[in-house]
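# Provided below are the primary sequence and the corresponding predicted coordinates.
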Amino acid sequence: RIAPVVAREIDMKDAPKSLSHLNWVFFSRPPDTFEEAFNKLLTAIRTDYDWVQTHNRLQVKALEWDRNKREDSFLLHGMELLDAEAQLKVNGEKQPLPTSLQRTYISASRVAENEFIEAERAEAEQLKLEQEMRLRLRRVTFLVLAVFTLAFFALYAWLSRVTTDLALNSIKNQ
């Protein structure tokens, strides 16, 4: 990171364009003392701007969730939730500290995500049971059809033999 430090007054036109958009720490301005400027520099060095950005993003989302009566559709899901939990774990002691609303928001997101995962697992298990039941039903159906087919052929063979015997006896009797 670059934190431009101005030790003495300069003409801003002389500053490189690549540094002009950054926040400068002025050591030479009359209202600021050296200690104040040095503290500003230390704050700039110690500030984790990625965490500040994440903190702000989480705060905006948590406030939106809160304003919408904590509607579940505003909660974090998937990778976004995992990232928020990891950020909270890694940066939970850094400034700015996570707010209680952010912690509640992430916690509620985790609860909702776990419920969603559990519901998906239960649905998958139910689908698997239904598929197994269909397979068993199909097997029983084929077994019953096979038994009826064999019974039909046995009945056919028996009736064929009986009718043949009756026909032969009838011919003999004539």
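Looks like it came in fine. The structure displayed is predicted, hence computed values, not measured ones.
# And T99, how close does it get to E125?
As judged by Cβ to Cβ, to the nearest Å, T99 and E125 stand 38 Å apart. Any C-beta I mention is one placed from the backbone N, CA and C, and that applies to glycine too.
# Pick out whichever of these two has more residues nearby.
T99 (14 against 10; other Cβ atoms under 10 Å).
# Nearest to the spatial middle of this structure, which residue is it?
The chain has G78 as the residue nearest its centroid, 1.7 Å off, counting by Cα atoms, centre = their mean.
# which residues of the chain score low on pLDDT?
Scanning the chain for pLDDT under 70 picks out 1.
# picking up where we left off before, ok, the residue nearest to the centre of the chain - contacts?
G78 makes contact with E113 under the criterion Cβ atoms under 8 Å, 6 or more residues apart in numbering.
# which secondary structure elements does the lengthiest helix in the chain contact?
Secondary structure of the chain per DSSP state H: the longest helix is helix 100-173. The contact analysis (3 or more Cβ pairs under 8 Å, 6 or more residues apart in numbering; DSSP states H and E) places helix 100-173 against helix 49-67, helix 78-91.
# and the direction of that helix versus that of helix 49-67, what angle?
Here helix 100-173 runs at an angle of 70 degrees relative to helix 49-67 (axes from the mean of the first three to the mean of the last three Cα atoms, to 10 degrees).
# Please state the offset of helix 100-173 from the chain centre?
Centroid separation for helix 100-173 versus its chain: 35 Å, with Cα atoms, centre = their mean, to the nearest Å.
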